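Colleague: Only the shape, not the letters, is given here:
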């Protein structure tokens, strides 16, 4: 199939999804099929943001990937990841101390 012009996510019949709610329902079914119960599209986005932050992506990189309008939205994830990295480093420093 050659796509020209606007690109749409397609349903099982090859037709564009009608609206955002249809996409949410589809993602929910995909999560259920992947044995990821109680997950939704927002949770998937949040999980991706956390993984990107843990991988060392900047807040601006996360912002672009997830189409956030404000850097502060992405900074929630990078700050959390930075805290974990800093706390591990601090605990490692403590272990190396000679009393």
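Modeller: Structure's in. What do you need? Source: prediction; values computed, not measured. Numbering: from 1, shown residues only.
Colleague: Show me which positions of stretch 67-79 end up buried.
Modeller: 68, 74, 75, 77, 78 (16 or more other C-beta atoms under 10 Å). All C-beta spots, glycine's among them, are computed from the backbone N, C-alpha and C.
Colleague: Quick check, pLDDT for residue 7.
Modeller: Residue 7 carries a pLDDT value of 61.
Colleague: Show the contacting residues for the most centrally placed residue in the chain.
Modeller: Central residue of the chain (C-alpha atoms, centre = their mean): residue 48, 2.0 Å from the mean position. Neighbour list for residue 48: 65, 66 [criterion: C-beta atoms under 8 Å, 6 or more residues apart in numbering].
Colleague: Check the offset of the host helix or strand of residue 73 from the chain's centre.
Modeller: If you go by DSSP states H and E, residue 73 is part of helix 71-95. With C-alpha atoms, centre = their mean, to the nearest Å as the basis, helix 71-95 stands 18 Å off its chain's centre.
Colleague: Any chance you could list what contacts it?
Modeller: By C-beta under 8 Å, 6+ apart, the list of residues contacting helix 71-95 reads 49-50, 52-54, 56-60, 62-63, 66, 68.
Colleague: With distance to residue 28 as extra columns, can I get the buried residues of stretch 67-79 in a markdown table?
Modeller: Converted to a markdown table, the buried residues of stretch 67-79 look like this (distance: C-beta to C-beta, whole Å):
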| residue | distance to residue 28 |
| --- | --- |
| 68 | 23 |
| 74 | 25 |
| 75 | 28 |
| 77 | 23 |
| 78 | 28 |
